[in-house]
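Chemist: predicted structure and sequence below. I'll ask about it afterward.
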Amino acid sequence: MKPARLRDFVEDADGCLYAVSNYDNADRIGCILRYVPDPAGERVDPAGRRYTKYDFEDAFAWIAEHKPAYLDTVHRVPCSDVVRVYKPEEEIDALMARDERVRRLAGLFNLPSGSFGCTGSLLCGLENAASDIDMVVYGDAWFSAQQQLARLVGQGKLDGMSEEMWRKVYDKRVPEISFAAFILHEERKWNRGEFEGTYFDLLYTRSYDNLDAVTAAGRGEVLGRTRTEALVTDASLAFDSPAVYSVEHDEISRVLSFTHTYSGQALAGETIEAKGVRERHGDETWLVVGTTREAKGEYILSKTLMEQ
């Protein structure tokens, strides 16, 4: 059985559905509660079961009340409690068969079978008319999808992001940077777009042969908040979750972002300005951005890009 990995969903014995948010899932799967069975729920799956969707804060409150043993920095569901794992790459054919919109969007990309899928409500069959399309692409195929998206927009086969959609994304994320700086960084990422009026993401997840690319680590010893500048030496996992930037710096060896806002924010060879919390992890010191849900007072900027 393939291990649970980032952007899979798992279902527990009570029918609750969780979005997998970690790679270190050997004994207890790190995830966030998303859907709870509820006869009065507004979401309905293909079998007619009703669910209520839970946002981040409400999900933690529900878990604290109903399943406190799962509480951690994320929700930790014991593997013995899991009755089903939903994998985007395994469900994509069935999804495209029932959702023509997804089939048409996926058909614009030339990606190997098994290298992509959809996560979120679409994966669980709980989408509604307002649902975004959260496309997942694995490993090196993600970088191919990124290049293809740029080409498709350039050829007019896909619309570029409208000003209205950019503003909507910015307002939703409430970043600590200006709208102009946000757009400057976002427009070169090619990890999101619009299709037939629907917003979609291209979400990176590691391939199965690369799940241990970064050693799993919980919270380290907190050393305090700081703002720093550093040269990025490796950004190969900059679109992962967390985004990881290896840096050249007297004290800090890595900058990590736990908020999607600052994934792909800088390229190798660029100088970044980052503000967050310093943590000690073994012999290393990391700067962590996104220590709260909205990352108040925390950010990453590419100084190189800003100065161009």
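Modeler: Done, it's in. Numbers count the residues shown, from 1 in each chain.
Chemist: which residues does the nearest residue to residue 237 once chain neighbours are set aside contact?
Modeler: The shortest distance from residue 237 to any residue other than its chain neighbours is 4.2 Å, reached at residue 244 (CB to CB, 6 or more residues apart in numbering). All C-beta atoms are positioned from the backbone trio N, CA, C, and that covers glycine. Listed by CB atoms under 8 Å, 6 or more residues apart in numbering, the contact set of residue 244 reads 214, 237-238, 254-256.
Chemist: quick one: low-confidence parts of this structure?
Modeler: Low-confidence segments of the chain, defined by pLDDT under 70: 215-217.
Chemist: who wins on neighbours among the contacts of residue 244?
Modeler: residue 255 (27 neighbours; other CB atoms under 10 Å).
Chemist: hang on, the earlier thing: could you export the contacts of residue 244 as CSV, including secondary structure and distance to residue 134?
Modeler: As requested, these are exported to CSV (DSSP: H, G, I helix; E, B strand; the rest coil; distance: CB to CB, whole Å):
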residue, secondary structure, distance to residue 134
214, coil, 22
237, strand, 19
238, coil, 19
254, strand, 26
255, strand, 25
256, strand, 22
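Chemist: how about the helices in the stretch 101-250 of the chain?
Modeler: Residue ranges of the helices in the stretch 101-250 of the chain, as given by DSSP state H, counting those that start in this stretch, are 121-124, 140-154, 163-173, 179-186.
Chemist: residue contacts, residue 126?
Modeler: Contacts were defined as CB under 8 Å, 6+ apart; by that measure residue 126 touches 17, 35, 43-45, 51, 53.
Chemist: okay, now the residue nearest to it when sequence neighbours are not counted: neighbour count?
Modeler: Beyond its immediate neighbours in the sequence, the residue positioned closest to residue 126 (CB to CB, 6+ apart) is residue 43, lying 4.2 Å away. Around residue 43 there are 21 other residues, counting by other CB under 10 Å.
Chemist: surely residue 43 touches residue 54?
Modeler: No: between residue 43 and residue 54 no contact is recorded; they are 10.8 Å apart, counting by CB atoms under 8 Å.
Chemist: any common contacting residues for the two?
Modeler: residue 35.
Chemist: how about the contacts made by the residue nearest to residue 126?
Modeler: 35, 50-53, 121, 126, 128.
Chemist: top of those by number of neighbours, please.
Modeler: Neighbours here are counted as other CB under 10 Å. On that basis the top member of the contacts of residue 43 is residue 35, with 25 neighbours.
Chemist: for that one, grab phi and psi.
Modeler: Dihedral angles phi and psi of residue 35 (degrees, to the nearest 10) take the values phi -140, psi 130.
Chemist: ok, residue 132 touching residue 197?
Modeler: No: taking contacts as CB under 8 Å, residue 132 lies outside contact range of residue 197: 11.2 Å.
Chemist: which one of the two has more residues nearby?
Modeler: Set side by side, residue 132 and residue 197 show more neighbours around residue 132, with 15 against 9, by other CB under 10 Å.
Chemist: for that one, which non-adjacent residue is closest in space?
Modeler: Setting aside the residues directly before and after it, residue 132 is nearest to residue 199 in space (CB to CB, 6+ apart), at 4.7 Å.
Chemist: buried residues in stretch 261-281?
Modeler: By neighbour count with 16 or more other CB atoms under 10 Å, stretch 261-281 contains the buried residues 261-266, 270-272, 274-279, 281.
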